[in-house]
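Trainee: Okay, predicted coordinates and the sequence, questions at the end:
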Amino acid sequence: MDKLPHIPDQYDMFLYTGISGQVEDLANYKHNGFHPVLLGDVLPKPNTSVGNLDKVPRYRILEKLGHGGFATVWLARDLADKRYVSVKICVGTDAPELSNEAAILSELRNVEQGKAGLERIIQLLDLFTIKGPNGFHECLVTEVVSPLSDIYDLGKWSPEVIRQVLEGFSFLHEQGIVHGDPHLANFGVALPQLEQSSEDNIIDYFAIPEIIPVLPHDASLLMSSLPVYATPRVAMADFLNMIESFPEELPICIKILDFGRGIAHRTSEKLTALPGAAPIIIRPPEVVVYDDSEGRAGSAWSKSADIWAVGCTIYQIQSHSQLIFTRGSLDDAFVEAVKLGGPLPDAWLGAWKHRSEHGNEQYTKAWPGTDDGHFCSRDDAWRKKGAGKPPLFLDLVKRMVVTNPDKRTPVADLLGHPFFGSQTSNATLSID
């Protein structure tokens, strides 16, 4: 059997790549890939703003906040309004186009101010497109937040964090919007405290950043597509904690982030394929079945799928551990999910191609009467997950993590759950 051809990655292409996960994939600086940015750049550069060549350079790049497969995100100083902002620079396209994320956030800007839940959505402050060596890049300017994944002890604030997360999803669903990827890193804490610090203080704290020279092995590689150097991401929560400005007491303001990758959508849109893929630890059973059966059973991502995924994520917020633990296998994650969520609906039986590998025929027909080492009753599964957890909290999550999407409790109804009246909220938050 012929071997598949090796596709060069950044390790093949560049002399230095930095620490994995701390620096974006340098191989993605290419046509329709990342836009090269250097610390100190002021965006948009003169004559690069599409449709408004006279737009004055306004956002001075200070630090890298994050990166993914579809964008880099930067801390910047708004030179006009004298405040800190986040600038998300999306991968390039062949022509200027309004992204799904920009369309949704722009639409939400027009919602009546003061509407319950609106303040839980990341605020879009400015939107423009620049033309660079790798294509046309949409730039979304938003408020600065710290992702919850950068915060160590979420459990101390968990009732209020969870309430605000649910409030945000109640608002989104009321507006007919599905998020599609609500994992921990897509929630954040607003950081108005950052305005108390000067640019010099921020730069001094992070000192001289690690500089990774971008040096390709192939001398013929188009250097205009690459930055001269790359830098690792920084955590603003670390900085605010050091200067004792990170919020240590309530109130806090949770924000829902990242409506990109084509995953977020309106409920009025008829999906014929799964738009993107959320992490398998939060992926609901109907989405797995839908994908595995090529649309013959289950369903693509929906409001009900959001509910399942949010249930998994708030369990992680409360308990510091994943609800569905897997070593990376989608099949194993599916089995764990259905243990917790209950049996598959009859219409799905036979649609999961890998069921025989796990003895699935037996448990889908005889649930919950067997425990052969792979399967147990839903009560038993939750008993193992619930050790030391507040019973009311487990009841809240169990209403969300139900295999049949039609039986999940709507988010608006969950806001009245007694869990939120049973907790005190005067704890502090720790930073890792």
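Mentor: The structure has been received and is ready for your questions. As the structure is a computational prediction, the values presented were derived from the model and not from experiment.
Trainee: Strands of the stretch 301-432 of the chain, residue ranges please.
Mentor: 430-431 (DSSP state E, counting those that start in this stretch).
Trainee: where do the helices sit along it?
Mentor: 303-319, 330-341, 360-366, 378-385, 391-398, 411-414 (DSSP state H, counting those that start in this stretch).
Trainee: With mean pLDDT as added columns, please give those helices in a markdown table.
Mentor: Listed next are these as a markdown table, based on pLDDT from 0 to 100:
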| stretch | mean pLDDT |
| --- | --- |
| helix 303-319 | 95 |
| helix 330-341 | 92 |
| helix 360-366 | 44 |
| helix 378-385 | 88 |
| helix 391-398 | 96 |
| helix 411-414 | 98 |
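Trainee: Can you tell me which of the ones you listed is most buried?
Mentor: helix 303-319 (a mean of 24; mean count of other Cβ atoms under 10 Å). For the C-beta atoms, the positions are set from N, CA and C on the backbone; glycine is no exception.
Trainee: And it, what does it pack against?
Mentor: Packed against helix 303-319 by the contact rule (3 or more Cβ pairs under 8 Å, 6 or more residues apart in numbering; DSSP states H and E) you find helix 158-174, strand 177-178, helix 285-292, helix 391-398, helix 411-414.
Trainee: Just put the ones you listed in TSV and tack on distance to D218.
Mentor: Output for the helices and strands packed on helix 303-319, formatted as TSV (distance: least, Cβ to Cβ, whole Å):
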stretch	distance to D218
helix 158-174	45
strand 177-178	43
helix 285-292	37
helix 391-398	51
helix 411-414	51
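Trainee: Nearest to N241, out of these?
Mentor: Checking those against N241 by Cβ to Cβ gives helix 158-174 as the closest, at 17.2 Å.
Trainee: in the closest one, what's buried?
Mentor: For helix 158-174, the neighbour count (16 or more other Cβ atoms under 10 Å) marks 158-173 as buried.
Trainee: circling back to that earlier point, so which of the helices of the stretch 301-432 of the chain is nearest G66?
Mentor: When the helices of the stretch 301-432 of the chain are compared by Cβ to Cβ, helix 303-319 sits nearest G66, at 18.0 Å.
Trainee: buried ones in stretch 127-134?
Mentor: 127-132, 134.
Trainee: if we can go back for a sec, which one of the helices of the stretch 301-432 of the chain lies nearest to I202?
Mentor: helix 303-319 (27.7 Å).
Trainee: now the angle from that closest one to helix 378-385?
Mentor: Angle of helix 303-319 versus helix 378-385, following axes from the mean of the first three to the mean of the last three Cα atoms, to 10 degrees, is 40 degrees.
Trainee: Using CSV, write down the CA coordinates of helix 303-319.
Mentor: Extracted C-alpha coordinates of helix 303-319, given in CSV (Å, rounded to 0.1, in the frame of the first residue of the first chain):
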residue,chain,number,x,y,z
LYS,A,303,-30.2,25.5,20.4
SER,A,304,-30.6,22.1,22.1
ALA,A,305,-27.0,21.3,21.2
ASP,A,306,-25.9,24.5,22.8
ILE,A,307,-27.7,23.4,26.0
TRP,A,308,-25.8,20.1,26.1
ALA,A,309,-22.5,21.8,25.5
VAL,A,310,-23.1,24.5,28.1
GLY,A,311,-24.1,21.8,30.6
CYS,A,312,-20.7,20.1,30.1
THR,A,313,-18.9,23.4,30.4
ILE,A,314,-20.6,24.7,33.6
TYR,A,315,-19.8,21.3,35.2
GLN,A,316,-16.1,22.1,34.4
ILE,A,317,-16.5,25.6,35.8
GLN,A,318,-17.9,24.2,39.1
SER,A,319,-15.8,21.1,39.5
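Trainee: Of all the buried residues of helix 158-174, the one with the weakest confidence?
Mentor: Minimum pLDDT for those is recorded at S158 (83).
Trainee: That one and V397, how far apart?
Mentor: Going from S158 to V397 by Cβ to Cβ, to the nearest Å gives 12 Å.
Trainee: Now do the shared contacts for those two.
Mentor: Overlap of the contact sets of S158 and V397 (by Cβ atoms under 8 Å, 6 or more residues apart in numbering) consists of I314.
Trainee: residue contacts, the residue nearest the centre of the chain?
Mentor: Closest residue to the average C-alpha location of the chain: N186 at 3.0 Å, with Cα atoms, centre = their mean. Contacts of N186 were listed using Cβ under 8 Å, 6+ apart, and they are 147, 179, 256-258.
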